[in-house]
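Undergrad: have a look; sequence and predicted model below, questions after that.
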Amino acid sequence: MTEAVGMSGGLLSECGLPSSQMMKLLSADFTTTDDVKDMKPSELSQATGLSLKECVEVLRTASNSHHPSPVDMLQIYQEGTELPQIVTFCKALDTLLGGGIPLQAITEVSGMPGVGKTQVCLQACVSVQLPKSVGGVGGEAVYVDTEGSFTVKRLKDMASCAVHHVGTIGGVAEDVSGFTIESIMKGVHYFRCQNCVEVLAVVKNIPKLMLVHPNIRLLVLDSVSFHFRHDFPDARDRAKLLRTVTKELIQPAVTHKMAVLVTNHMTTNVKEKGSATLVPALGETWGHCPTLRLNLSWCGPTRVAALTKAPHCQNSSAYFQVSIGGLRDVSDNMQPSTAGNLQHEPLTKKRKIMESNDR
C-alpha cells in the first residue's frame with residue numbers, strides 16, 4: 001500500500017544534473033532520487049563535498065523528478081481488508097467502528113470530562129499488544145500526555161484482565177506466554193508534554209523512535225486540544241500549526257501502518273437567537289483532519305459513543321461501560337429504555353479475542 005501510493009525513485013543520472021555534480025554523487029553512492037529525497041542540503045554537502053548551493057539545486061531537481069504512481073482500486077481494497085484493527089474489548093463499540101480502531105487513520109474521541117476518553121486510550125494501548133494468534137495486532141504504543149491524565153494503575157488493571165482473558169481462550173495454537181502484564185507495561189512508551197512545541201517535537205520524532213521500536217502500531221495524543229486552545233489566541237496561527245501536526249500524524253500512520261488516536265475537548269457553539277450546542281473543540285479546520293470522529297456522552301447513567309464521521313461506516317451509536325478491566329459491553333437490562341437499533345452489522349471478520357467473550 002505504501003509503495004503503491006508513494007513516489008517511485010528515478011535515477012539521478014536522468015535528472016539532467018551537471019556531470020561534475022553527478023561524479024561526486026555517484027562517488028558517495030547516491031544513485032537514485034530516493035537516496036537524497038529526505039536529506040537536508042547541509043547533510044548532502046557533508047556526504048558528497050558539493051557546495052550548499054549545489055546541494056539545494058540537486059534536491060530541488062530530484063524532488064521535481066518525482067511522479068505519482070497510480071494504483072488500482074482492487075489493490076487498495078485487498079490491502080485495506082488485510083489490515084488488522086485494534087479491538088476495544090467492547091463488541092458494540094467495535095461493531096460501531098467497523099471492527100475496531102483502524103490502522104492508517106486518525107481517530108478522534110471527543111466528549112466532556114469524565115466520560116471515558118482517556119479510558120478508551122488506555123484500553124487501546126493494551127489491545128494493540130494482543131498477540132496476532134488471537135486476532136490482535138501484536139504491536140506497541142506511544143502515549144503523548146498533555147494533561148497529566150495518564151494513570152499507570154489503570155493501565156495495569158486493564159493489562160491484568162487482558163492477560164487473564166487471553167490465557168483462558170481455548171484452541172489457541174501458538175504460545176501466548178510472552179503476553180504478560182510486564183510486557184504490556186513495557187510496550188507503552190510515555191511522553192509528558194507541557195506545551196505545543198514539545199508535542200510537535202515528539203510527533204516529529206516518531207520515525208526515529210520506530211528505528212528503536214519498530215513494532216509501534218499506535219500513537220495516542222491525549223489531548224490534541226489542551227495546549228492548542230490556550231497557547232494560541234490567534235485562530236489563524238492555531239490553524240496553521242494544527243495542519244502541521246496533522247501532517248506529522250498521518251505520515252507515520254500511513255507509512256508504518258499505525259493507528260493514531262487523539263482526544264478532544266468540547267466547546268459551546270453559540271447559534272442565532274441565543275441557542276447553543278456542544279461541539280468538539282478546535283473548529284472546522286481541525287474537523288477535516290480526523291478520519292473518524294467518535295463523540296462520547298451520557299444517556300442517564302450509561303455511556304454512549306456516537307460515530308459522527310467515518311468513510312467506511314454509517315453514523316450510528318453504541319452503549320459501553322468502563323469497568324475495572326477496561327471497556328466492556330452494557331448488558332441489555334442496563335441499557336436505557338429509549339435504546340433502538342443503534343448498531344449496524346460489522347464490516348470486518350470476527351476476531352477470536354472477541355468471539356471468546358461469548359464463552
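TA: Here it is on my side, so go on.

Undergrad: how far off centre is stretch 266-285?
TA: 26 Å (Cα atoms, centre = their mean, to the nearest Å).

Undergrad: give me the most central residue, this protein.
TA: residue 260 (0.9 Å; Cα atoms, centre = their mean).

Undergrad: part of a strand, is it?
TA: Yes. Under DSSP: H, G, I helix; E, B strand; the rest coil, residue 260 falls within a strand.

Undergrad: in contact with it, which residues are there?
TA: Residue 260 makes contacts with 105, 106, 107, 218, 219, 221, 249, 250, 253, as judged by Cβ atoms under 8 Å, 6 or more residues apart in numbering. No exception for glycine: its C-beta is placed from N, CA and C like everyone else's.

Undergrad: got the contact list for the third one?
TA: Residue 107 sits next to 97, 101, 259, 260, 261, 262, 290, 291, 292, 293, 294 when contact means Cβ under 8 Å, 6+ apart.

Undergrad: show me which of those residues is closest to residue 204.
TA: residue 260 (14.0 Å; Cβ to Cβ).

Undergrad: pairing partners for the closest one in the sheet, please.
TA: Counting by DSSP bridges, residue 260 is bridged to residue 106, residue 219.

Undergrad: the stretch 251-359 of the chain: strands as residue ranges?
TA: 259-264, 266-270, 276-280, 292-299, 302-309, 317-323, 326-328 (DSSP state E, counting those that start in this stretch).

Undergrad: nope, the stretch 51-200 of the chain is what I meant
TA: Secondary structure of the stretch 51-200 of the chain by DSSP E, counting those that start in this stretch: the strands cover 85-86, 101-102, 105-111, 140-145, 188-192.

Undergrad: report all helices and strands that the first one contacts.
TA: So that's strand 85-86. strand 101-102 (3 or more Cβ pairs under 8 Å, 6 or more residues apart in numbering; DSSP states H and E).

Undergrad: packing partners for the strand it packs on?
TA: strand 85-86, strand 259-264.

Undergrad: nearest to residue 325, out of these?
TA: Smallest distance to residue 325 across these (Cβ to Cβ): 16.5 Å, for strand 85-86.

Undergrad: touching that closest one from outside, list them.
TA: Strand 85-86 is contacted from outside by 94, 97-103, 124, 127-128, 137, 217-218, 259, 348, using Cβ under 8 Å, 6+ apart.

Undergrad: filter these down to the buried ones, ChimeraX style.
TA: A single ChimeraX command suffices to select whichever of the contacts of strand 85-86 are buried according to 16 or more other Cβ atoms under 10 Å:
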select :94,97,98,99,100,101,102,103,124,127,128,137,217,218,259,348
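
Undergrad: tell me where the model's unsure across this structure.
TA: Across the chain, residues meeting the criterion (pLDDT under 70) sit at 1-9, 65-69, 71, 75-81, 170-174, 231, 233, 337-359.

Undergrad: re earlier: could you dump the helices and strands packed on strand 101-102 to a markdown table with distance to residue 151?
TA: What follows is the helices and strands packed on strand 101-102, written out as a markdown table (distance: least, Cβ to Cβ, whole Å):
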| stretch | distance to residue 151 |
| --- | --- |
| strand 85-86 | 20 |
| strand 259-264 | 14 |
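
Undergrad: most packed of those?
TA: strand 259-264 (a mean of 27; mean count of other Cβ atoms under 10 Å).

Undergrad: got the angle for that strand vs strand 105-111?
TA: Strand 259-264 runs at 30 degrees relative to strand 105-111, counting by axes from the mean of the first three to the mean of the last three Cα atoms, to 10 degrees.

Undergrad: one step back: which one of the contacts of residue 260 sits closest to residue 195?
TA: residue 221 (13.8 Å).

Undergrad: residues near that closest one, how many?
TA: By other Cβ atoms under 10 Å, 27 other residues sit near residue 221.

Undergrad: pretty sure it is in a strand, no?
TA: Yes. Counting by three-state DSSP, residue 221 is part of a strand.

Undergrad: can you list the domains in this protein?
TA: 1-6+19-82, 83-358 (automatic domain parsing).

Undergrad: pick the most deeply packed of the ones you listed.
TA: Using mean count of other Cβ under 10 Å, the stretch among those with the largest mean neighbour count is domain 83-358, at a mean of 18.

Undergrad: gap between the residue lying closest to residue 190 once chain neighbours are set aside and residue 166?
TA: Nearest non-adjacent residue to residue 190, counting by Cβ to Cβ, 6 or more residues apart in numbering: residue 143, 5.0 Å away. For residue 143, the distance to residue 166 equals 21 Å [Cβ to Cβ, to the nearest Å].

Undergrad: would you confirm that residue 189 contacts residue 143?
TA: Yes. Between residue 189 and residue 143 there is a contact under Cβ atoms under 8 Å: 6.9 Å.
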